[in-house]
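[1] attaching a predicted model along with its sequence, questions to come.
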Amino acid sequence: MPKSSTFPNLYNCSRVLNIQLLKKHGYLKSDQILTGFITWRSEIRTTACVSFLVNTSAADYYMELSYFCDENLVKYRVSLTIAPSNLGKGTIWYFVCPLTGKRCRKLYLINTYFLHRTAFKGSMYEQQTLSKKDRKTDKSLIVFRLCKLYDQLNTPYFKKKYAGKPTKIYQRLMEQIRFYENILIKTG
């Protein structure tokens, strides 16, 4: 009997709270209480909206989220924490997942709450649902790989020939470039 199909939740398709967005718009400066909202849009209309309050004036930093999910008001706090940068330049802000307690830079909304990705069992990235063959022939990946190969080919001091003969690295790169270009031509 065949295995019953599963349709996992995809992280790529879910709503994401990103700490960089908050930092970029000035919500994570010290000693302030700010409110705002984040909206997600499709091509035609707004699909979701979350209002939030960020408090960095208290001893424990937090972000209070408020939004509607299945016509129910959901309101809860997500702790924020600071850690010194591993480069020794400044600090880095993190969310603390309300369920797992893990530090993270992104929180995903899959069922009702924004949580760390490990809180969701059976969820995957879209790339993980593809077969090995599909992963190899995915056009965006092929174009990306081709760009990387061309970048390697055009780096300064790259030797295409030595003593009048093509180098082995150059031959290997050209072989890979031809392979990926043929795939692009076949898939149209």
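    Here it is on my side, so go on. Numbering: from 1, shown residues only.
[2] pull the longest helix from the chain.
    Secondary structure assigned by DSSP state H gives helix 168-187 as the longest helix of the chain.
[3] from the contact counts, what lies against that one?
    Counting contacts by 3 or more CB pairs under 8 Å, 6 or more residues apart in numbering; DSSP states H and E, helix 168-187 packs against helix 132-137, helix 139-153. Bear in mind the C-beta positions are built from the backbone N, C-alpha and C, glycine included.
[4] where are the low-confidence patches of the protein?
    Counting by pLDDT under 70, the low-confidence segments of the chain come to 1-6, 9-10, 12-13, 43, 135-138, 187-188.
[5] can you tell me which strand in it is longest?
    Looking across the chain with DSSP state E, the single longest strand is strand 72-84.
[6] what about residue 92, how many neighbours?
    Applying the criterion other CB atoms under 10 Å, we find 16 residues in the vicinity of residue 92.
[7] state the distance from it to residue 105.
    Here the distance between residue 92 and residue 105 works out to 8 Å (CB to CB, to the nearest Å).
[8] buried residues in the longest strand of the chain?
    Within strand 72-84, the residues that qualify as buried are 78, 80, counting by 16 or more other CB atoms under 10 Å.
[9] and it, how far out from the chain's middle?
    Per CA atoms, centre = their mean, to the nearest Å, the displacement of strand 72-84 from the mean C-alpha position of its chain is 19 Å.
[10] what strands line up against that strand, and which way round?
    Here strand 72-84 has these sheet partners by DSSP bridges: strand 62-69 (antiparallel), strand 91-96 (antiparallel).
[11] want to throw the ones you listed into a markdown table with distance to residue 155?
    Putting these into a markdown table (distance: least, CB to CB, whole Å) gives the following:
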| stretch | distance to residue 155 |
| --- | --- |
| strand 62-69 | 43 |
| strand 91-96 | 31 |
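[12] quick one: which of those strands is nearest residue 85?
    Minimum separation from residue 85 across those (CB to CB) falls at strand 91-96, 5.4 Å.
[13] got the contact list for the helix or strand just after that closest one?
    The C-terminal neighbour of strand 91-96 among helices and strands, as given by DSSP states H and E, is strand 103-104. Applying CB atoms under 8 Å, 6 or more residues apart in numbering, the contact partners of strand 103-104 are 81, 83, 94, 95, 96, 97, 116, 117.
[14] state the distance from the fifth one to residue 38.
    In this case it means residue 96. 19 Å.
[15] for residue 172, grab the count of nearby residues.
    For residue 172, which is what you asked about, the neighbour count (other CB under 10 Å) is 11.
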